[in-house]
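>>> curious how this folds, go ahead:
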Amino acid sequence: MSNLALIAIQRVSLGLLSSVLDALIVVGILTWDFGLFIYNLFAPLRVPGKVTPVGHPGAGGKWPEYVAPKEGDSRCSCPAMNTLANHGILPRDGRNIPIRMLNPTIRSTYNFAPTFCVFVPRYIAQILGRSYLNDTFDLADIDVHNGIEHDASLTREDTYHSPDQSRPSVPLVKELLAAASGPPLPGSTDPTLTTADLSRVTSKRRAESMKHNGQFSLGTMHKIFGSSNSGTLVTIFGGRVDDLRTVLLEERLPEGWESRVREPMGLTLAAFQGQVLGIEMGVEEELREGLRSVI
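As a prediction, the model looks like this:
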């Protein structure tokens, strides 16, 4: 057998082994996540005012100083990640961030479950072709089109119109917040964003993007990813427009803010999927009406 054939067999074998190991890791994460989901059903909730763990940035609502990004700093299409850099919870310049650093940082700041905080950074590492354990990235790196960044975002213009995804689209964010129809929550006079609101705005946004973006692309995975991003607005941020106005436009955490998720093990993938599917199913129901409104 030639050396070339041996090399080919070796590469195929390694590729298959890598795929099997990756599948086993995903199964392990999902099994772990289901256990956390069950635990959250019975365990006492975190006390309001003490959701952010003691010893972590933001404990007691005291967030590190906000500093707007300077020229040369790296930012991306994800408001939550940019916010962490603007507060110095991630490196302020947004550069050379260890991928595994996202796990404890996202967990302590936003109270996502540890499973979520492994799953998403692993996905980032995979789309960048890097090691979750050993490599670093700049925030702007994750804006490879149809990786994490996608068309029909509720806070960014499509890359077809705006290649720089580091800054929010003020008109889009204002339109999103103006769609809130839920009753004000205690301590607020603003209406609250609901799942139905997000479905309605997403339907309209996708219809507009399909019409005006000559390179529009949004597969099933990125539809779900888009609804996942939207879902954080009503889970982590509780749909509170007064908070979201600051987070989405300034990419800053309001003084005294804490995650609205009070479950002790955080927001699990299992619990989150119900929210995501609710948004996406509503989008499919309203998409035809959204298309008619822009034609």
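
>>> which residue is nearest the middle of the chain?
Nearest to the geometric centre of the chain sits Asn229, at 4.5 Å (C-alpha atoms, centre = their mean).

>>> all the strands of the stretch 51-200 of the chain, in order from the start?
97-98, 136-137 (DSSP state E, counting those that start in this stretch).

>>> how about these in TSV, adding mean neighbour count and mean pLDDT?
Glycine gets a C-beta too; all of them are placed from N, C-alpha and C. Below are these laid out as TSV (neighbours: other C-beta atoms under 10 Å; pLDDT from 0 to 100):
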stretch	mean neighbour count	mean pLDDT
strand 97-98	19	98
strand 136-137	18	98
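
>>> tally up the residues packed near Ala43, please.
A count of nearby residues for Ala43, using other C-beta atoms under 10 Å, gives 12.

>>> isn't it up against Glu263?
Yes. Between Ala43 and Glu263 there is a contact under C-beta atoms under 8 Å: 7.5 Å.

>>> Phe225 reaches Ile148, doesn't it?
Yes. Taking contacts as C-beta under 8 Å, Phe225 lies within contact range of Ile148: 7.2 Å.

>>> neighbour-wise, which of those two wins?
Taking other C-beta under 10 Å, Phe225 and Ile148 do not tie; Ile148 has more neighbours (22 against 19).

>>> which residue packs closest to that one, ignoring adjacent ones?
Leaving aside its sequence neighbours, Ile148 sits nearest to Ile142 (C-beta to C-beta, 6 or more residues apart in numbering; 4.8 Å).

>>> from memory that neighbour sits against His150, does it?
No. If you go by C-beta under 8 Å, Ile142 and His150 don't touch, sitting 11.4 Å apart.

>>> for the strand or helix carrying Ile38, give the mean pLDDT please.
Element membership for Ile38 (DSSP states H and E) is helix 3-42. For helix 3-42, mean pLDDT rounds to 78.

>>> also stretch 195-205?
When pLDDT is averaged over stretch 195-205, the result is 95.

>>> what residues sit buried inside that stretch?
Within stretch 195-205, the residues scored as buried using 16 or more other C-beta atoms under 10 Å are Thr195, Asp197, Leu198, Ser199, Arg200, Val201, Thr202, Ser203, Lys204, Arg205.

>>> as PDB, could you dump the C-alpha coordinates of that stretch?
Extracted as PDB, the C-alpha positions of stretch 195-205 are listed here (Å, rounded to 0.1, in the frame of the first residue of the first chain):
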ATOM      1  CA  THR A 195     -42.500  36.300  23.300                       C
ATOM      2  CA  ALA A 196     -45.300  37.300  21.000                       C
ATOM      3  CA  ASP A 197     -43.700  40.700  20.500                       C
ATOM      4  CA  LEU A 198     -40.400  39.100  19.500                       C
ATOM      5  CA  SER A 199     -42.200  36.700  17.000                       C
ATOM      6  CA  ARG A 200     -43.900  39.700  15.500                       C
ATOM      7  CA  VAL A 201     -40.800  41.800  15.100                       C
ATOM      8  CA  THR A 202     -38.700  38.900  13.900                       C
ATOM      9  CA  SER A 203     -41.300  38.100  11.200                       C
ATOM     10  CA  LYS A 204     -41.200  41.700   9.900                       C
ATOM     11  CA  ARG A 205     -37.400  41.800  10.100                       C
END
